[in-house]
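Peer 1: Predicted model and sequence follow; I will ask about them next.
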Amino acid sequence: GLKDNPAPTTLLAVDDREDNLYILRQIIEEYLPGVEVMTNTDPGEGLEMAYEHPPHGILVDLKMPGIDGIEMCKRLKAHEKTRHVPVILITSQDTTPGLRALGLEAGADDFISRPIDNIELVARIKVMLRIKDAENQLREINQNLLRLVEEKTWKLSESESRWRSLTENSPDHIMALDRDANILFINRTVPDLKREDVIGTSFYVYALKEYEPVARECFEAVLRTGKPGKFENIYRSKDGILHYFESQVGPVISPTNNEITGLTVSSRDISDRKLAEMKIKESLREKEVLLKEIHHRVKNNMTVISGLLQLQAKTVDDPKVVGVLQASQNRIRSMILVHEKLYQAENLAKIDVSEYIKSLALYIPHMRGESPNKVSLMVEAENIFLGIDQAIPCGLVITELLGNAFKHAFPDDRTGEIRIRMRVKNDQTYELEIGDNGVGLPAQIDIREPAGFGMQLVRLLIQQLAGTIEVHREKGTVFTIEFPPKRPQHANSSST
């Protein structure tokens with residue numbers, strides 16, 4: 001152990017007799033080569049030597065004039081530089097146990113009696129130096145641990161300070177919960193609660209009853225899966241005001257065993273947003289009621305007009321005039337159906353095309369007095385919804401072409417079938433197909449330059465839809481109309 005020490009090992013021997021010091025020096029130099037020995041016959045000077053150059057061990061004679069060995073031991077152990085230096089007291093054979101006890105109380109580490117045995121002295125010095133070396137190593141390890149603890153403590157304190165600064169300055173309510181949802185920390189509370197009163201209480205105390213299951217389900221899911229979650233919660237303050245919160249929940253994971261030990265909850269007050277949403281919803285409800293009333297009144301007014309046309313038709317004897325009035329009545333009825341469907345629908349902006357076409361298909365043959373046994377009517381329509389600006393022209397087109405099919409396709413009580421189909425084509429175009437297996441459209445009728453008012457109206461309506469129309473005359477007549485889902489603001493397309 002002594003050879004491995006890079007610094008020279010030094011001992012200090014203090015005895016008022018020079019001959020005793022000479023013997024000690026001779027023994028140490030012979031048996032412990034490499035160990036330097038400092039000596040002094042004056043206890044006071046010996047203390048100064050020890051303070052100035054602390055040795056690895058000190059041998060002190062117990063009985064000396066002035067400052068004896070016990071007093072010197074006390075002073076060595078009291079001084080900052082020598083309190084850890086081991087001390088061996090050299091005693092005489094007549095030293096009493098009481099005197100030895102005083103030496104131990106003064107801080108002596110060992111004793112050796114005169115006459116000194118060389119082997120015993122060397123052994124005790126070696127033990128003393130080994131203990132001293134072990135103590136130095138332990139002391140160094142302890143100092144390193146203290147430095148490490150101080151460093152970690154400082155970093156932890158800095159991290160905590162940074163975290164507290166973030167949480168204290170955050171506008172959100174940040175909480176740390178245990179696995180049972182008890183609040184361990186909260187950075188801020190609502191005005192009518194104090195932070196110290198909230199700590200230790202359950203989170204569920206501050207949730208309305210109907211929202212507690214939502215919070216509990218979210219907490220349990222985060223504890224079970226470790227994945228973040230969120231929910232909305234309402235707190236009613238003592239003055240009865242409702243505070244709306246949106247809460248983000250995350251797991252607290254132990255760094256030692258990766259187990260989830262609790263939860264963090266960051267709750268943001270969204271009361272202003274919620275109140276604004278409520279006002280918007282209330283305003284929308286009011287507008288929906290108003291819009292329903294408008295559709296209802298438009299429908300009623302158009303029904304009055306349709307009734308007037310019906311009354312007018314009864315006063316006219318000319319079949320052509322009656323036919324014109326009935327055609328106008330049918331057109332008005334197709335528009336009435338749009339407003340009626342919108343009035344009854346939950347969505348006031350869109351109309352269900354399938355239901356609308358079926359209603360038209362029932363109304364038109366009924367108004368014309370057609371027998372259901374003569375011409376069957378088949379309707380196929382996909383789940384399509386149109387706005388009022390497309391539903392009305394689309395309905396008028398169906399009314400015109402369906403009326404023409406009943407009127408011209410099956411003369412002389414001929415039986416047959418009329419088909420109406422509407423679908424989405426290529427996810428970009430609506431395709432409306434109206435066909436029959438009747439006598440067919442005469443070749444002289446050009447749908448690009450129609451002579452009759454009905455087909456002229458159809459052409460104008462298709463232009464309004466920014467669409468196209470084609471006619472197929474094989475095995476009856478089939479009209480195919482295509483138009484885009486949303487009518488362009490500046491439609492500049494023409495029919496083909």
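Peer 2: Thanks, I have it. Numbers count the residues shown, from 1 in each chain.

Peer 1: Surely Asn118 touches Tyr31?
Peer 2: Yes: Asn118 is in contact with Tyr31 according to C-beta atoms under 8 Å; the separation is 6.8 Å. C-beta coordinates here come from the backbone N, C-alpha and C atoms, glycine included.

Peer 1: so where do the strands sit in the stretch 301-450 of the chain?
Peer 2: 351-352, 375-381, 385-386, 416-425, 429-436 (DSSP state E, counting those that start in this stretch).

Peer 1: Quickly run through the sheet partners of the fourth one, with directions.
Peer 2: The one in question is strand 416-425. The partner list of strand 416-425 in its sheet, established with DSSP bridges, is strand 375-381 (parallel), strand 429-436 (antiparallel).

Peer 1: Buried deepest among the ones you listed, which one?
Peer 2: Scoring these by mean neighbour count under mean count of other C-beta atoms under 10 Å gives strand 429-436 as the most buried, with a mean of 20.

Peer 1: Kindly export that one (C-alpha atoms) in CSV.
Peer 2: These are the backbone C-alpha positions of strand 429-436, laid out as CSV (Å, rounded to 0.1, in the frame of the first residue of the first chain):
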residue,chain,number,x,y,z
THR,A,429,-70.8,14.6,-62.6
TYR,A,430,-74.5,14.0,-61.8
GLU,A,431,-76.2,11.9,-64.5
LEU,A,432,-80.0,12.1,-64.8
GLU,A,433,-81.6,9.6,-67.2
ILE,A,434,-85.4,9.7,-68.1
GLY,A,435,-86.4,7.0,-70.6
ASP,A,436,-89.4,5.0,-71.9
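
Peer 1: distance of Gln137 from Arg130?
Peer 2: Separation of Gln137 from Arg130 (C-beta to C-beta, to the nearest Å): 11 Å.

Peer 1: I misspoke; the intended subject was Val87.
Peer 2: Spatial separation of Val87 from Arg130 under the definition C-beta to C-beta is 15 Å.

Peer 1: Which residue of these two possesses the greater neighbour count?
Peer 2: When Val87 and Arg130 are compared on other C-beta atoms under 10 Å, the one with more neighbours turns out to be Val87, at 24 against 12.

Peer 1: now that one: how far from Glu80?
Peer 2: Computed as C-beta to C-beta, the Val87 to Glu80 distance reads 16 Å.

Peer 1: quick one: the spatially closest residue to Val458 that is not a sequence neighbour and Val127, what's the gap?
Peer 2: Counting by C-beta to C-beta, 6 or more residues apart in numbering, the nearest residue to Val458 once its immediate chain neighbours are dropped is Glu400, at 5.1 Å. With distances defined as C-beta to C-beta, the gap from Glu400 to Val127 amounts to 121 Å.

Peer 1: ditto for Thr201
Peer 2: According to C-beta to C-beta, Thr201 stands 62 Å off from Val127.

Peer 1: of the strands of the stretch 301-450 of the chain, which approaches Ser161 most closely?
Peer 2: Among those, the nearest to Ser161 by C-beta to C-beta is strand 385-386 (58.7 Å).

Peer 1: So which elements touch the closest one?
Peer 2: Of the remaining helices and strands, those touching strand 385-386 by 3 or more C-beta pairs under 8 Å, 6 or more residues apart in numbering; DSSP states H and E are strand 351-352.

Peer 1: what pLDDT, on average, does the strand it packs on get?
Peer 2: For strand 351-352, mean pLDDT rounds to 80.

Peer 1: could you say what helices and strands it packs with?
Peer 2: Applying 3+ C-beta pairs under 8 Å, 6+ apart, we find strand 351-352 packed against helix 319-344, strand 385-386.

Peer 1: now, of these, which is deepest in the fold?
Peer 2: Stretch with highest mean neighbour count among those: strand 385-386 (a mean of 20; mean count of other C-beta under 10 Å).

Peer 1: And that one, how far out from the chain middle?
Peer 2: Centroid separation for strand 385-386 versus its chain: 37 Å, with C-alpha atoms, centre = their mean, to the nearest Å.

Peer 1: thinking Leu121 is in contact with Ile27, fair?
Peer 2: Yes: in this structure, Leu121 is within contact of Ile27 by C-beta under 8 Å, at 5.8 Å.

Peer 1: Just the buried positions in stretch 469-479, please.
Peer 2: By neighbour count, with 16 or more other C-beta atoms under 10 Å as the criterion, the buried positions of stretch 469-479 are Ile469, Gly476, Thr477, Val478, Phe479.

Peer 1: Also stretch 35-50?
Peer 2: Taking 16+ other C-beta under 10 Å as the basis for neighbour counts, the residues of stretch 35-50 that come out buried are Val35, Val37, Met38, Thr39, Asn40, Thr41, Pro43, Gly46, Leu47, Met49, Ala50.

Peer 1: Could you check how far it is from the centre of its chain?
Peer 2: Averaged over its C-alpha atoms, stretch 35-50 has a centre that lies 73 Å from its chain's centre (C-alpha atoms, centre = their mean).

Peer 1: Can you list the helices and strands that the helix or strand encompassing Phe219 packs against?
Peer 2: Using DSSP states H and E, the element containing Phe219 is helix 212-225. Identification of packing neighbours for helix 212-225 by 3+ C-beta pairs under 8 Å, 6+ apart yields strand 229-236, strand 242-253, strand 260-269.

Peer 1: What about the residue lying closest to Lys274 once chain neighbours are set aside, how many residues nearby?
Peer 2: Excluding the flanking residues, the one nearest Lys274 by C-beta to C-beta, 6+ apart is Tyr244, at 4.2 Å. By other C-beta under 10 Å, 19 other residues sit near Tyr244.

Peer 1: which residues does Tyr244 contact?
Peer 2: Glu232, Asn233, Ile234, Asp269, Ile270, Ser271, Arg273, Lys274 (C-beta atoms under 8 Å, 6 or more residues apart in numbering).

Peer 1: Out of those residues, which comes closest to Leu177?
Peer 2: Proximity of these to Leu177, judged by C-beta to C-beta, is greatest for Asn233, which lies at 13.4 Å.

Peer 1: pretty sure the closest one is in contact with Glu210, am I right?
Peer 2: No: with contact defined as C-beta under 8 Å, Asn233 does not count as touching Glu210 (10.3 Å).

Peer 1: quick one, which of those two is more surrounded?
Peer 2: Between Asn233 and Glu210, Asn233 has the larger neighbour count (other C-beta under 10 Å), namely 21 against 8.

Peer 1: Mind pulling up the pLDDT for that one?
Peer 2: Per-residue confidence (pLDDT) for Asn233: 84.

Peer 1: again, but for Asn437
Peer 2: Residue-level confidence at Asn437 comes out at 90, pLDDT.

Peer 1: At which residues are the helices of the stretch 1-150 of the chain located?
Peer 2: Taking DSSP state H, counting those that start in this stretch as the criterion, the stretch 1-150 of the chain carries its helices at 18-31, 43-52, 69-78, 97-106, 118-169.

Peer 1: from those, which stretch is densest packed?
Peer 2: The highest average neighbour count among these, using mean count of other C-beta under 10 Å, belongs to helix 69-78 at a mean of 20.

Peer 1: That helix vs helix 43-52, what angle?
Peer 2: Taking axes from the mean of the first three to the mean of the last three C-alpha atoms, to 10 degrees, one finds helix 69-78 and helix 43-52 inclined to each other by 20 degrees.

Peer 1: Having no further points to raise, I will conclude here.
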